[in-house]
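Colleague: Attaching a predicted model along with its sequence, questions to come.
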Amino acid sequence: MGLRGPGRGYPCVGARGAFCAPGLHVARAPPHVGPRPPSPRLGTCGISGDQVSFPPQTPHPAPDSSPQPEGAAAAGEAVGKRGGDLSCWVWAPGFFPVRWRPMMSVFAPVRRDRIIAELPQCFQREAALHSHTSFHPKVTSACQEQRTGTVGFRISKIIVVGDLSVGKTCLINRFCKDTFDKNYKATIGVDFEMERFEVLGIPFSLQLWDTAGQERFKCIASTYYRGAQAIVIVFDVTDAASLDHTRQWLADALKENEPSNVILFLVGSKKDLSSPAHYRLIERDAIKVAQEMQAEYWAVSSLTGENVKEFFFRVASLSFESSVLAELEKSSARKIGDVVRIASNDGDLYLTAQRRRSKCCF
Ligand SMILES: Nc1nc2c(ncn2[C@@H]2O[C@H](COP(=O)(O)OP(=O)(O)OP(=O)(O)O)[C@@H](O)[C@H]2O)c(=O)[nH]1
């Protein structure tokens, strides 16, 4: 059974690249059989130049009450590690079912506990993307003047990768739903959550792509790596081998992304399971790996919630900062009579990974 996704000759609902509609849950696509169901009406809006679709106003009934392609229910179960929500199946153009979560809306007010007014601090200064204590002054002033782009809100794609069972799903669930499941259920392909923030007064969303760690699902998951603004590589602090494997996960993710356009995070999970003495040992090694990768290091526990919110706030803030700086750089380059070049004194505007890695000063 194949997965339909960007870049594989399959349409992704109203999306270009790897972006999918907020609130739409991409399912593994069963082969189509039988008559084509009516296409849903899809509205579109522009987000940073990418098209995304709104959920259809009249979703097709759920698979159990309507004709469906063979295997659709199985696909739903397969994708839905997070079953039991209010989602239903809808038909997307291109013949494959997607799960629509009606309760999610990009226009609902941002939760009060998702408002970021100051740059959250790093976890370890030795392995941080940068150790500044506040947002880049150009970002702050652009936000004050509402010069962060013509579109009302921004969106960043974050992919979460790492060995099987290291805790990727639990990490996302702890942050997005404040839940923890002690039973392991493998992710098949990818799963997807959208989390909305307000950063310096500007609406900002993170698309969190939870990918499968099992080898046999890797090729499905890797089709969703493209177009990431941040890569989160997770390892288990009680399993040194999972730390060793992070290099390979990074290499695979970078095959689909331009290294200078992504920011990297190395996350040690299950901190609650490690004794302080053991943790100190693995942290020393993890910091070395993070420095080598030029990633920011964090250690978290999804069981207790330790550092989970702080980590995602940091991801949101640095992704936001990086995207606003890129936008400002683009607009300043455009001002120079359509000749795309960067004035030397603006050279720090676009924080490529290389520059971030060298921890340049403002
Ligand atoms: N004690 C403890 N257990 C955890 C923590 N995070 C995850 N687990 C457990 O580890 C197991 C695997 O967690 P998942 O989040 O499903 O792992 P995953 O990386 O998404 O696995 P794949 O979907 O196969 O890639 C589950 O049994 C979780 O309950 C944690 O912080 N502390």
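Modeller: Alright, I've got the coordinates.
Colleague: alpha carbons only for contacts and neighbour counts from here, please
Modeller: Will do.
Colleague: Lowest average confidence across helices and strands of the protein, where is it?
Modeller: Least confident helix or strand, the chain: strand 44-47 with a mean of 28, by mean pLDDT, DSSP states H and E.
Colleague: so what's the closest residue to Thr169 other than its chain neighbours bridging to?
Modeller: Using CA to CA, 6 or more residues apart in numbering and skipping residues adjacent in sequence, the residue nearest Thr169 is Asp210, 6.3 Å away. Per DSSP bridges, the residues bridged to Asp210 are Val160, Asp191.
Colleague: Asp210: neighbour count?
Modeller: For Asp210, the neighbour count with other CA atoms under 10 Å is 27.
Colleague: Distance-wise, check Ala316 relative to the ligand.
Modeller: Computed as CA to the nearest ligand atom, to the nearest Å, the Ala316 to the ligand distance reads 20 Å.
Colleague: Got phi/psi on that residue?
Modeller: Main-chain dihedrals, Ala316, degrees, to the nearest 10: phi -60, psi -40.
Colleague: How many neighbouring residues does it have?
Modeller: Neighbourhood size, Ala316 [other CA under 10 Å]: 28.
Colleague: show me where this protein has strands.
Modeller: In the chain, the segments counted as strands under DSSP state E are 24-26, 44-47, 50-53, 88-92, 96-100, 115-116, 154-162, 190-199, 202-211, 230-236, 263-269, 296-299.
Colleague: With Ala142 as the reference, measure out to Ala230.
Modeller: 22 Å (CA to CA, to the nearest Å).
Colleague: Those two: who's more crowded?
Modeller: Comparing Ala230 with Ala142 by other CA under 10 Å, the one with more neighbours is Ala230, at 23 against 17.
Colleague: which residues in the stretch 51-200 of the chain form helices?
Modeller: Assigned by DSSP state H, counting those that start in this stretch, the helices in the stretch 51-200 of the chain fall at 72-79, 137-144, 168-177.
Colleague: What helices and strands are in contact with the second one?
Modeller: This means helix 137-144. The helices and strands touching helix 137-144, judged by 3 or more CA pairs under 8 Å, 6 or more residues apart in numbering; DSSP states H and E, are helix 308-335.
Colleague: So for the helix it packs on, what gets flagged as buried?
Modeller: 308-330, 332-333 (16 or more other CA atoms under 10 Å).
Colleague: So this protein: which segments form each domain?
Modeller: Split into domains by automatic domain parsing, the chain comes to 12-102, 112-329.
Colleague: quick one: low-confidence ranges for the chain?
Modeller: In the predicted model, the chain carries pLDDT under 70 at residues 1-108, 147-153, 333-362.
Colleague: Contact residues of it facing the ligand?
Modeller: Proximity of the chain to the ligand, by CA under 6 Å from any ligand atom, involves residues 164-170, 181-187, 212-214, 269-270, 272-273, 301-303.
Colleague: What's the PyMOL syntax to select whichever of those are buried?
Modeller: Selection command for PyMOL covering only the buried members of the residues of the chain next to the ligand, criterion 16+ other CA under 10 Å:
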select buried, resi 164+165+166+167+168+169+170+186+187+212+213+214+269+270+272+301+302+303
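Colleague: among the strands of the chain, which is nearest Thr133?
Modeller: Closest of the strands of the chain to Thr133 is strand 115-116, at 13.6 Å (criterion: CA to CA).
Colleague: Give me the helices and strands touching the closest one, please.
Modeller: Looks like strand 115-116 contacts strand 190-199 (3+ CA pairs under 8 Å, 6+ apart).
Colleague: Could you tell me the angle between the strand it packs on and helix 137-144?
Modeller: Between strand 190-199 and helix 137-144, the angle formed by their directions is 80 degrees, by axes from the mean of the first three to the mean of the last three CA atoms, to 10 degrees.
Colleague: which residues sit in contact with Glu118?
Modeller: 134-135, 200 (CA atoms under 8 Å, 6 or more residues apart in numbering).
Colleague: 7 Å instead, please
Modeller: Contact analysis of Glu118 by CA atoms under 7 Å, 6 or more residues apart in numbering lists Ser134.
Colleague: Likewise for the one 4 residues further on?
Modeller: Contacts were defined as CA under 7 Å, 6+ apart; by that measure Cys122 touches 128, 131.
Colleague: Surely Ile158 touches Ile231?
Modeller: Yes - under the criterion of CA atoms under 7 Å, Ile158 makes contact with Ile231 at 5.8 Å.
Colleague: surely Pro203 meets Phe197?
Modeller: Yes - counting by CA under 7 Å, Phe197 is a contact partner of Pro203 at 6.0 Å.
Colleague: Count the residues that sit near Arg284.
Modeller: 10.
Colleague: what about it, distance to Ile172?
Modeller: 25 Å.
Colleague: cool, Asp239 as well?
Modeller: Asp239 sits 20 Å away from Ile172, going by CA to CA.
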